[in-house]
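Enquirer: Structure for the following, please:
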Amino acid sequence: MVHKMIESSTVFEIEDQYGSGAYAKRPTAIVRGEGVYVWDMNGTRYLDATSGQGVAALGHCHPAVSHAISEQAQTLVTLHESFYNDRRAELLALLDSITPGDLSHFFLCNSGAEAIEGALKVAKLLTGRSGIVAAKRAFHGRTTGALSMTWTPKYRKPFQDWLPSVQHVAFNNIAAAREAIAEGTAAVMVESVQGEGGVHPAEIEYLQALRQHCDKTGAMLIIDEIQTGFGRTGKWFGFEHAGIVPDIVALAKAIGGGLPMGAVCWRAAHGQIARATHGSTFGGNPLACAAAIATITTIRDESLVERAEANGSWLLDELAALNLRGVRAIRGRGLMVGLELRGRVTPALKAMQECGVLALPAGLNTLRLLPPLIISRAELTKVISAIDEVLS
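Expert: From the prediction side, this is the model:
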C-alpha cells in the first residue's frame with residue numbers, strides 16, 4: 001500500500017519546522033504497521049526489529065489489542081482513579097497474577113519515566129530516607145528524577161544544577177554497591193539488563209547479593225523492568241532469572257500493547273502509600289487498561305515468554321556462529337540482543353535499513369535488537385542475514 005495523502009518530503013519539512021528539535025530522525029516516514037513489519041509512505045516494507053523502542057511486544061496492530069481498544073473506545077475512554085472502574089480492577093488482578101512473590105500494590109501511570117519517578121517517591125515514602133544509589137551506564141528516563149538516575153553525561157549535563165544527588169557505582173560490582181549503600185540510602189536502582197547502556201545483563205550473583213545487602217541495610221531494591229518486562233528476556237520479568245523479588249519494580253513499554261502506559265509495583269509487606277502523596281490524571285484510564293489486559297493475556301495464552309526464551313537462545317547461537325569480523329562482542333537475554341561493534345553503530349543501522357531491517361543503537365557502538373515476541377525463526381533469519389551482509 002502506497003500512502004498518497006502527503007509527500008514524504010513534505011512530512012520531513014513540517015516536522016523539522018514545527019517539531020521540538022529534540023530528536024535525531026531517520027529520513028523515513030513510517031505510516032503503517034502489521035505484525036513484525038512496518039511500511040513507509042512509498043510502500044517500502046521493513047522488518048521492525050525495534051518493536052517501536054520495545055513497545056510493540058505483540059507486533060503492530062495485533063488483532064486482540066486493536067479489538068480491545070476499539071471496543072473500549074466506544075464504552076469509556078477516560079476515568080480518574082478517584083472513581084472505581086471495571087477495566088482497571090481487571091488489570092490490577094491480572095498484574096498481581098503474573099508478578100512473583102508479594103508484588104501486589106500497583107500505581108498506574110503513563111510512561112517509563114513516570115514509573116521511575118513513582119518508584120523513587122514510593123521508596124522515599126516507605127523508608128523515610130533520601131539517599132539513592134544507581135549504576136554507571138544506566139538509563140532510566142529524561143524527567144528530572146529519572147534523569148538524575150541516568151548515567152550518560154550528555155543527557156545530564158544541561159540540567160545538572162537541577163538534579164537530585166545520586167551516587168553512581170559500577171554495574172555488576174557488588175563491592176562498589178555495598179560501599180555506597182549507607183544508613184540514609186532509600187533505594188538502589190538497577191536495570192535487569194542495561195538497554196541504552198549497551199545491552200549488559202545483570203549477573204545473577206550480583207542481583208542476589210544486592211537483594212541480600214538491601215535486606216541487611218533496609219534500603220529498597222528497585223528494578224527497572226521498563227524495557228525488559230513482559231517476556232522480553234525469556235521470563236515475565238528480567239529479575240526472575242536471579243530468583244529474587246525486588247521491593248519495587250518500574251514497568252512500561254510493552255504493558256500497553258502500543259498505548260502509553262506505565263506502572264510502579266511494590267511488595268505488599270511494605271503496605272500502601274498515604275492518600276494524596278502521588279497521583280495522575282490519565283494513569284489507569286480504561287482505554288489503556290483494556291489494551292494492557294489484551295496484551296498481557298495474549299502474551300500468557302500464546303506462551304510468548306517461553307517463545308522469547310527459546311528464540312532468543314537460538315538467535316544468540318546463530319549470531320555467534322557467523323564469526324562477524326565487525327563485531328567485538330554479542331550479549332543479551334531472550335529477545336533483547338546487543339552486538340558491540342568495532343566501529344560506530346550509525347552506519348550499520350543505515351545499511352541494515354537498506355536491507356529492509358530496522359534496528360536500534362545502544363550507545364555509540366552497540367547495535368540493539370528488540371524484535372516483537374511474536375517473531376518467527378524464519379523472520380529472525382531475515383534479521384540474521386541482514387546482519388551478516390552488513391557486518392561480515
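Enquirer: Tell me, please, where in the stretch 1-150 of the chain the pLDDT is lower than the cut-off.
Expert: Low-confidence regions of the stretch 1-150 of the chain, defined by pLDDT under 70, span residues 1-5.
Enquirer: As a check, name the ranges of all strands in it.
Expert: Counting by DSSP state E, counting those that start in this stretch, the stretch 1-150 of the chain forms strands over residues 30-34, 37-40, 45-48, 103-109, 131-135, given from the N-terminal end onward.
Enquirer: now the second one: how far from the chain's centre is it?
Expert: When you say that, I think you mean strand 37-40. Between the mean C-alpha location of strand 37-40 and the chain-wide mean there is a distance of 22 Å, by CA atoms, centre = their mean, to the nearest Å.
Enquirer: re earlier: so which of the strands of the stretch 1-150 of the chain comes closest to Arg307?
Expert: Minimum separation from Arg307 across the strands of the stretch 1-150 of the chain (CB to CB) falls at strand 45-48, 17.3 Å. Any C-beta I mention is one placed from the backbone N, CA and C, and that applies to glycine too.
Enquirer: List the buried residues in the closest one.
Expert: Within strand 45-48, the residues that count as buried by 16 or more other CB atoms under 10 Å are 46-48.
Enquirer: For the closest residue to Leu47 other than its chain neighbours, give me its contacts.
Expert: With CB to CB, 6 or more residues apart in numbering as the measure, Val357 is the residue that lies nearest to Leu47, at 4.9 Å, once sequence neighbours are left out. Counting by CB atoms under 8 Å, 6 or more residues apart in numbering, Val357 makes contact with 46-47, 49, 382-383, 386.
Enquirer: Could you dump these into a markdown table and include distance to Leu304?
Expert: Formatted as a markdown table, the entries for the contacts of Val357 read as follows, by distance: CB to CB, whole Å:
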| residue | distance to Leu304 |
| --- | --- |
| Tyr46 | 22 |
| Leu47 | 18 |
| Ala49 | 16 |
| Lys382 | 19 |
| Val383 | 18 |
| Ala386 | 23 |
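Enquirer: Go ahead and confirm Val166 touches Val133.
Expert: Yes: Val166 is in contact with Val133 according to CB atoms under 8 Å; the separation is 7.4 Å.
Enquirer: Give me the more crowded residue out of the two.
Expert: For Val166 versus Val133, the count of surrounding residues by other CB atoms under 10 Å is larger for Val133: 25 against 20.
Enquirer: with the buried residues of strand 45-48 in mind, which one is nearest to Ser8?
Expert: Tyr46 (14.2 Å).
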